[in-house]
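Novice: Requesting a structural model of the entry that follows:
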Amino acid sequence: MFWPFKRATQKKPYRNPPLMVESLEERAVLSSFTVDGRCNIYGAGDDAPPAPGRGGGGMLPKLVTLSTLGSPSLVSFPAVTGRVSGWAAAGGYNLPDGGGSWGGVTNVPAWHGISGVRHDQATMFLVGVFLGPNGKPATAPPTLNVTDANAIAASQPLLGQQFFIGDGSTGGQVLQSVTVPAGATRLYLGFAENFGFRFPQRLPGYYSDNGGFLSVDVRSASASPSVRVSEGIDAPGTSQQQIFRISTADTLAVQMPNLTFVLRDLPVGTVPAALDVTWTTSVQYRTGEGTPPGAKPVPGFSFSVTRRGIQYQPAWPSVRGGDLDVTAGFTVAGRTYTVSSEMSFDTRSLRILGSNPTKAQVQAYVNSFRLPANWPDNSGYDYNAILRKIAYHETNLANMGSGGYNQYYWAGQFAGHPTWNTGGDRGVGVMQITPSGNDLIEPVNVWDWRANVAAGVAKLNYGLGVADRLPTAIRGAGFDAAFARVQAERRAAGLAPLVGVDVPTLTPLQRVRVAIRAYNGAAGTDSLGRTVLNEYELATTGPANARRLALTVNKTTRVGTAQWVEVPIARRSAGQPNYVNLVLASPDA
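Specialist: The predicted structure is shown next:
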């Protein structure tokens, strides 16, 4: 049977895209190969696979020409995955480190210049052998017992001597290195087998009934350390980018991607569990090529933590998107390494983008906001319904009529980017929140749809306050001047001056419309010269430079009553002229 302690330390094969990163050392050379389960290691340097023990010679071992790796002095195997079997018809497929079939013992003898190999706890493990330009040695070198190979970080085989590769790493996930023997020009990859595996008096053979294959990466072991994402990849990305997504949980919590970064290809002799690593995580949204029209820079964040061990899961301080860079700094044997994910072998960058909440999630969150105390009764409109209509209208304006509530572009080349307003007001997201003045927009409103909705709620509530204050706020220099002209006109007509002016409160419906208009900005100049153009203004008469209040006068009390009138759409030159009507006509869905 397969040995129990090995099961406990068996590693999960690494098959994510190679998001590897070099330090500032010379690039290593990496090649990938497929090794069939029938690859006969004793055929190294031969024209045909031998089977002196009968049962078929299978196929020749996989050849790696060392010059293609830059003729290195060291090689390593950073990724070895797949399963193989010594008898495909009976099953028994095992991982690259070997399995427990046929009693879990290997003791295959030497043959024609290739050493034997012994392993007391596994069969069908991946092995290698080096040869020089003259082929096999005249005499086979000693047979190695590789039972403890998973505890050894480095090996130094001789020409023609089989050595253990397995999955290329120790049980503690240290990348193993192999010293290339002097004079070696070729490396062969395959398996050692005879009938029953465990009997050294039986010559190699019985390859033809094997099955499966392994995918093997071979590289010069002078390779620099690298940072890889081992877990959390949830989008295929492109040839230039690996994309991770902000998401929304069933609880409506907005979540950053759950990522695990792992240091790989560490210097020989590194003890991962004892390595102190300073991890620096940076997320920045940069505008330019590849970002949507209207996109603006958004402040990101950068933070550092020092932890022991080679794995790291960022504890995100807030929700942010943009370019992601994770840097690991550590020291081994007096040498300091800095490894950054911005410098990957395959030139792919890392980026965090958004995935939209569902309509139901947005509606549930909008509906969770309580009715404000000053919401007008009998307006004919539900508070939460108005919020949903604003969200629907704003998100359709920003996101090309997608028909949903979208914090991010839902498709196309900008999918996952925030939905920026292209009209210049820097609005963004579900509620198209804009910054005040020249300030940068709050990053949380860009990347967290819940914060964006909450900001929209606050904006509508502010508009309600504008409606409540309007009958008082309308009084000012322009109002006084317009009333003074009324008094002058009465005096010229021989009428007694008015005692005062009553400005009526807005009706419930008017208050709702004023609040919606305030959401859009209420830019412009009203009839009294105020630099704000609400949904309603006071009725006036006379030329533009001498406006008079249009009043209904109580002759008994000599008090004039002003009148609220809706501002004509044609008078609006900023914002969306017909905004209020368009919002009210939007679907509540």
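Novice: From now on I want contacts and neighbour counts done on CA atoms only, so please keep to that.
Specialist: Noted.
Novice: do you know how far Pro267 is from Ser226?
Specialist: 11 Å (Cα to Cα, to the nearest Å).
Novice: The two: who's more crowded?
Specialist: For the pair Pro267 and Ser226, the greater number of neighbours falls to Ser226 (25 against 20), based on other Cα atoms under 10 Å.
Novice: who's the more buried one bridged to?
Specialist: On DSSP bridges, the residues paired with Ser226 through beta bridges are Arg264.
Novice: Could you measure from it over to Val64?
Specialist: Between Ser226 and Val64 the computed distance is 23 Å (Cα to Cα).
Novice: so what's the closest residue to Ile310 other than its chain neighbours up against?
Specialist: Spatially, and ignoring its direct neighbours in sequence, Ile310 is nearest to Leu263 (5.2 Å; Cα to Cα, 6 or more residues apart in numbering). If a contact means Cα atoms under 8 Å, 6 or more residues apart in numbering, then Leu263 has Pro225, Ser226, Val227, Arg228, Ile310, Gln311, Ala328 as its contacts.
Novice: okay, among these, which ones form the most distant pair?
Specialist: Of all pairs drawn from the contacts of Leu263, the greatest distance, 13.5 Å, lies between Pro225 and Gln311 (Cα to Cα).
Novice: for the closest residue to Thr185 other than its chain neighbours, what are its contacts?
Specialist: In space, Thr185 comes closest to Gly132 once its chain neighbours are excluded; the distance is 4.9 Å by Cα to Cα, 6+ apart. Taking Cα under 8 Å, 6+ apart as the criterion, Gly132 is in contact with Leu159, Gly183, Ala184, Thr185, Arg186.
Novice: quick check, nearest of those to Pro317?
Specialist: Arg186 (50.9 Å).
Novice: Phi first, then psi, for the closest one.
Specialist: For Arg186, the backbone dihedrals are phi -140, psi 150 (criterion: degrees, to the nearest 10).
Novice: Excluding chain neighbours, what is closest to it?
Specialist: Nearest residue to Arg186, sequence neighbours excluded (Cα to Cα, 6+ apart): Thr65, at 4.8 Å.
Novice: what pLDDT does the one you found get?
Specialist: On the pLDDT scale, Thr65 is placed at 93.
Novice: what about it, distance to Leu187?
Specialist: 6 Å.
Novice: quick one, which of these two is more surrounded?
Specialist: Just comparing Thr65 and Leu187: by other Cα under 10 Å the higher neighbour count belongs to Leu187, 23 against 14.
Novice: Against Phe33, how distant is that one?
Specialist: Leu187 sits 12 Å away from Phe33, going by Cα to Cα.
Novice: Please apply the same query to Ser340.
Specialist: Shown here: Ser340 relative to Phe33, a distance of 27 Å by Cα to Cα.
Novice: quick one: which of the two has more around it?
Specialist: A direct count of neighbours by other Cα under 10 Å for Ser340 and Phe33 places Ser340 higher, at 24 against 15.
Novice: Over to that one: give its phi and psi.
Specialist: phi -120, psi 140.
Novice: same deal with Val339?
Specialist: phi -120, psi 120.
Novice: burial count for it?
Specialist: Taking other Cα under 10 Å as the definition, Val339 ends up with a neighbour count of 23.
Novice: so it makes contact with Gly329?
Specialist: Yes - contact criterion Cα atoms under 8 Å: Val339 and Gly329 qualify, at 6.4 Å.
Novice: just the strands in the stretch 301-450 of the chain please.
Specialist: With DSSP state E, counting those that start in this stretch, the ranges of strands along the stretch 301-450 of the chain come out as 311-312, 322-332, 335-340, 349-354.
Novice: If the residue nearest in space to the middle of the chain is in a bridge, with which residues?
Specialist: The chain has Phe244 as the residue nearest its centroid, 1.9 Å off, counting by Cα atoms, centre = their mean. Partner residues in beta bridges with Phe244, using DSSP bridges, are Ile352.
Novice: My guess is it contacts Gln255. True?
Specialist: No - taking contacts as Cα under 8 Å, Phe244 lies outside contact range of Gln255: 11.4 Å.
Novice: Backbone dihedrals for the nearest residue to Thr541 once chain neighbours are set aside, please?
Specialist: Leaving out its chain neighbours, the residue that sits closest to Thr541 by Cα to Cα, 6+ apart is Arg548, at 5.2 Å. Recorded main-chain torsions at Arg548 are phi -120, psi 140, according to degrees, to the nearest 10.
Novice: Near Arg548, how many residues? Count them for me, please.
Specialist: Neighbours of Arg548 (other Cα under 10 Å): 25.
Novice: Now do Ala546 against Val559, distance only.
Specialist: Summarising the geometry, the distance separating Ala546 from Val559, computed by Cα to Cα, is 21 Å.
Novice: out of the two, which sits in the more crowded spot?
Specialist: Neighbours were tallied for Ala546 and for Val559 using other Cα under 10 Å; the higher tally belongs to Val559 (17 against 12).
Novice: Mind pulling up the pLDDT for the more buried one?
Specialist: Here the pLDDT value assigned to Val559 is 98.
Novice: now do Ser349
Specialist: Confidence for Ser349, expressed as pLDDT, is 79.
Novice: before we move on, what about Gly309?
Specialist: Gly309 is assigned a predicted lDDT (pLDDT) of 91.
Novice: residues contacting the residue nearest to Arg186?
Specialist: Taking Cα under 8 Å, 6+ apart as the contact definition, Thr65 lies against Thr185, Arg186, Leu187.
Novice: Met59 too?
Specialist: Met59 makes contact with Arg38, Cys39, Asn40, Gly43, Ala48, Pro49, Tyr207, Ser208 under the criterion Cα under 8 Å, 6+ apart.
Novice: try Ala546
Specialist: The neighbours of Ala546, taking Cα under 8 Å, 6+ apart as the test, are Ala482, Arg485.
Novice: Specify the residue ranges that define each domain of this structure.
Specialist: Taking automatic domain parsing as the domain assignment, the record places the domains of the chain at 28-220, 226-354, 356-589.
Novice: deepest of those domains, which one?
Specialist: By mean neighbour count, with neighbours taken as mean count of other Cα atoms under 10 Å, domain 28-220 ranks first of those at a mean of 21.
Novice: Off-centre distance for that one?
Specialist: Mean C-alpha position of domain 28-220 versus that of the full chain (Cα atoms, centre = their mean, to the nearest Å) differs by 39 Å.
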